[in-house]
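Undergrad: okay, sequence plus prediction incoming.
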Amino acid sequence: MVCEPQQIPGCPGLTAHRGMVLSASNILAILEKDGVLERAFSLYPEFQLLVLGHSLGAGTATLLGFMLRPHYPSLRCFAYGPPGGLLSEEAAEESKKFVVSTVVNKEFATRLSINSIVQLRDSVLAAIQGNHRSKVREFFKTCSTLKYILGY
């Protein structure tokens, strides 16, 4: 998991990225304050709750799903391209029970881990420190190479 871990509210022993937990908690507070879900289910009691998001929203949706699941056990979550390093190993295992996650093509953010980010940072810093050429030129050269590799 990347960043400082925080327990997912209502899920003892499960942790996730602190900033994402706080975002999901803020959304939950708004839903509860405004009574959004209670009103929706009073109008449509036969419906099931589905939470979905893309990219950072997919991470937030996943964590919101964890928080809502005790009250809505049939809840499902669709996470399109969620960020890598979001959940602890235990939370990732638990998420398999209600989250469907998809990644399209060469979307790299989903595949990031703390180790890959640290290695990239260290490699870039070493290349910059050992290079006396223009840093701006090298930056754009690297971007061009990444664009080629990723197919964009």
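TA: Cool, the structure landed.
Undergrad: got the phi and psi for the residue nearest to Leu14 when sequence neighbours are not counted?
TA: In this structure, Leu14 finds its nearest non-sequential neighbour in Ala91, 4.2 Å apart by C-beta to C-beta, 6 or more residues apart in numbering. For every residue, glycine as well, the C-beta is placed using N, CA and C. Ala91 adopts backbone torsions of phi -70, psi -40, taken as degrees, to the nearest 10.
Undergrad: just checking, Ala91 touches Pro5?
TA: No: judged on C-beta atoms under 8 Å, Ala91 makes no contact with Pro5 at a distance of 9.4 Å.
Undergrad: now do the strands in this structure.
TA: Here the chain has its strands, by DSSP state E, at 5-7, 15-17, 50-54, 76-80, 99-102.
Undergrad: each with direction, which strands does the last one pair with?
TA: To tie it back to what came earlier, the one meant is strand 99-102. Using DSSP bridges, the strands paired with strand 99-102 are strand 76-80 (parallel).
Undergrad: keeping just the C-alphas, turn the strand it pairs with into CSV.
TA: Provided in CSV are the C-alpha atoms of strand 76-80 (Å, rounded to 0.1, in the frame of the first residue of the first chain):
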residue,chain,number,x,y,z
ARG,A,76,-21.6,-4.4,-5.5
CYS,A,77,-18.8,-2.1,-6.7
PHE,A,78,-17.4,-1.7,-10.2
ALA,A,79,-13.9,-0.1,-10.2
TYR,A,80,-12.6,1.0,-13.6
